[in-house]
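Visitor: Test case, fold it:
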Amino acid sequence: ETRKLSKIPDEARAEISIYFVDSPPVVEKDEQKIPKLDDRTADYIRHGLTPRWSDLDLNQHVNNVKYIGWIFESAPSSIMEDHELAAMTLEYRRECKRDSVVQSLTSVLDEDGGCGEIECRHLLRLDGGGDVVKGRTAWRRK
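Guide: Just a heads-up that it's a prediction; the model follows:
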């Protein structure tokens, strides 16, 4: 009803808890605000990204993992080839549905200044307007 994540009910948690690994997820709280990109501030833009049936969940919303793939669509190939992903922060803004057409924007903030690390900002937005995901990635040289 609220379109927000909800907690798993205790009775459901009891049934599935035997399948959980006894280690907490790796989550570091990131309080740094992710600035919005637009056509003027993006270094790379990829248009016309659309979901396939296999990208959708049972509610016909795009799976969160697909968002990561779309973010990489506008990342420069030189970064993808010579670096590995070191950190990622994502801020989900709105749902993306079956008939959505998405643009992926990337801005490279810190070019490799000899230290081997690069930071990028990302935005996925609907063709008709509206942010889907804002993000930040950090890359280190392979």
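Visitor: what helices or strands is the longest helix belonging to the chain leaning on?
Guide: Taking DSSP state H as the criterion, the chain has its longest helix at helix 64-73. For helix 64-73, the elements it packs on are strand 44-49, strand 83-92, strand 102-108, strand 117-126, strand 131-141, judged by 3 or more C-beta pairs under 8 Å, 6 or more residues apart in numbering; DSSP states H and E. Heads up, the C-betas are built off the backbone N, CA and C, glycines and all.
Visitor: Which one, of those strands, ends up nearest to L5?
Guide: Across these, L5 has its closest neighbour in strand 83-92 (9.5 Å, C-beta to C-beta).
Visitor: for the helices and strands packed on helix 64-73, which one sits closest to E15?
Guide: Of those, the one closest to E15 (C-beta to C-beta) turns out to be strand 83-92, at 27.2 Å.
Visitor: Looking at the protein, name the residue that lies furthest from the middle.
Guide: E11 (31.2 Å; C-alpha atoms, centre = their mean).
Visitor: Distance from the chain centre to the strand or helix carrying it, please.
Guide: Assigned by DSSP states H and E, E11 belongs to helix 10-16. When distances are taken as C-alpha atoms, centre = their mean, to the nearest Å, helix 10-16 is centred 29 Å away from the chain's centroid.
Visitor: Distance of I68 relative to E15?
Guide: From I68 over to E15 the distance is 29 Å, taken as C-beta to C-beta, to the nearest Å.
Visitor: likewise Q32?
Guide: Counting by C-beta to C-beta, the gap from Q32 to E15 is 38 Å.
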